[in-house]
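>>> can't give you the sequence, but here's the structure:
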């Protein structure tokens, strides 16, 4: 088996790490849903609304506004986010915020992922964990640069 074949197989295994018992899976959330909740959560934590409009979210995520609109509607149906009129500026812009239910679920997702990461990384010592992190950052940084172009 070549290095590329091994790497491809490992990527598929990594993709399967999100188990069926994760809070995201049990709520029927896609990676896009989770990313939206994450962006809104980060905005709220920072006390800003930079990514709280659909077009801003789409730009930040590198996907189309219609795709974000569909995902936002689904999150709203699940009562995980709420739409609010922009009272500071352009009133045509609708701001998105996470509901209390959405905040609670996002914290559960983060906790689940943190526990899962601890479980996965426990086979590595601290130096190996740092090396793995540096290598993943080296691999993923150019990929995120391409997405944002």
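Received, thanks. The structure presented is a predicted model; accordingly, all values stated were derived computationally and were not measured.
>>> and the strands in this structure?
Listed in chain order, the strands of the chain (DSSP state E) span 81-85, 94-98.
>>> could you dump the ones you listed to JSON lines with distance to residue 23, mean pLDDT and mean neighbour count?
C-beta coordinates here come from the backbone N, C-alpha and C atoms, glycine included. Below are the strands of the chain laid out as JSON lines (distance: least, Cβ to Cβ, whole Å; pLDDT from 0 to 100; neighbours: other Cβ atoms under 10 Å):
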{"stretch": "strand 81-85", "distance to residue 23": "16", "mean pLDDT": "88", "mean neighbour count": "15"}
{"stretch": "strand 94-98", "distance to residue 23": "14", "mean pLDDT": "88", "mean neighbour count": "19"}
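>>> nearest to residue 62, out of the ones you listed?
Nearest to residue 62, of all those, is strand 94-98, at 17.7 Å by Cβ to Cβ.
>>> and the residue nearest the centre of the protein?
Centroid-nearest residue in the chain: residue 35, 2.7 Å away (criterion: Cα atoms, centre = their mean).
>>> worst-scoring helix or strand of the protein, pLDDT-wise?
helix 126-147 (a mean of 84; mean pLDDT, DSSP states H and E).
>>> work out the gap between it and the centre of the chain.
Offset of helix 126-147 from its chain centre (Cα atoms, centre = their mean, to the nearest Å): 17 Å.
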